[in-house]
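[1] I would like to see how this sequence folds:
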Amino acid sequence: MWVFVIAGAIYLMGVGVILVIRPSFMFTPDGDWKEFGIGQSEDRYTPFPFWLFCLVWALVCYFIVLLSLNAIGFDKNGSSALTANANASASPGSVVRKNGNRKSTPIMVDEGEIVDLNQTQKLPKGYYVLNKKATRLAGVPKYVYLGEEE
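    Okay, here's the model as predicted:
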């Protein structure tokens with residue numbers, strides 16, 4: 001989001017400067033916009049009109065801000081990359097608090113208890129309803145099965 005906000009501010013400043021300066025390759029001497037045209041009279045036509053400048057300038061602003069923020073260590077959400085990497089590498093036993101912070105707790109697991117996460121469990125067909133109370137307590141979604149017992 002910060003990329004768009006900063007790029008938008010730079011974009012508006014650039015467009016404002018062009019509208020104040022009114023360069024001769026975009027505007028006529030009386031202040032009108034020149035139309036797009038290649039190989040036509042230079043007093044009414046230009047290969048780089050104001051609308052084309054606006055499109056190109058928007059892309060340039062976006063990429064300048066995107067590359068600048070990546071160079072100084074910000075991710076696309078605007079937070080520090082170091083914080084984002086620390087949150088992404090939290091242990092499986094970490095608990096997410098309401099404010100978004102994680103509290104990491106080490107877990108000791110025997111090798112016989114390791115489960116392949118790619119292996120899906122076959123659940124019985126039926127309806128599953130979110131158990132809001134258990135979800136709130138556990139921090140992860142918990143469901144209640146509504147259906148026939150087999």
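[2] going forward, measure contacts between C-alpha atoms and count neighbours the same way
    Noted.
[3] pretty sure Tyr145 sits against Lys125.
    No: Tyr145 sits out of contact with Lys125 when judged by Cα atoms under 8 Å, with a separation of 9.2 Å.
[4] higher neighbour count, the two?
    Per other Cα atoms under 10 Å, whichever of Tyr145 and Lys125 has more neighbours is Tyr145, with 15 against 10.
[5] in contact with that one, which residues are there?
    Taking Cα atoms under 8 Å, 6 or more residues apart in numbering, we find Tyr145 in contact with Gly126, Tyr127, Tyr128, Val129.
[6] now the helices: where do they sit in the chain?
    Taking DSSP state H to define them, one finds helices in the chain at 2-21, 50-71, 81-88, 132-138.
[7] how about those in a markdown table, adding mean pLDDT, distance to Gly31 and mean neighbour count?
    Listed next are the helices of the chain as a markdown table, based on pLDDT from 0 to 100; distance: least, Cα to Cα, whole Å; neighbours: other Cα atoms under 10 Å:
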| stretch | mean pLDDT | distance to Gly31 | mean neighbour count |
| --- | --- | --- | --- |
| helix 2-21 | 91 | 10 | 15 |
| helix 50-71 | 92 | 12 | 15 |
| helix 81-88 | 44 | 47 | 12 |
| helix 132-138 | 88 | 64 | 12 |
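[8] grab the nearest non-local neighbour of Ile38.
    Pro47 (5.5 Å; Cα to Cα, 6 or more residues apart in numbering).
[9] residues contacting Phe4?
    Tyr62.
[10] rewinding a little: what's the closest of the contacts of Tyr145 to Asp32?
    Of all those, Val129 has the smallest distance to Asp32: 64.2 Å, by Cα to Cα.
[11] what's the spacing between that closest one and Leu137?
    Going from Val129 to Leu137 by Cα to Cα, to the nearest Å gives 16 Å.
[12] ok, Ile6 next?
    Taken as Cα to Cα, the span from Ile6 to Leu137 is 39 Å.
[13] cool, and Ala7?
    Distance from Ala7 to Leu137, by Cα to Cα: 42 Å.
[14] do the same with Leu52
    55 Å.
[15] good, wrapping up.
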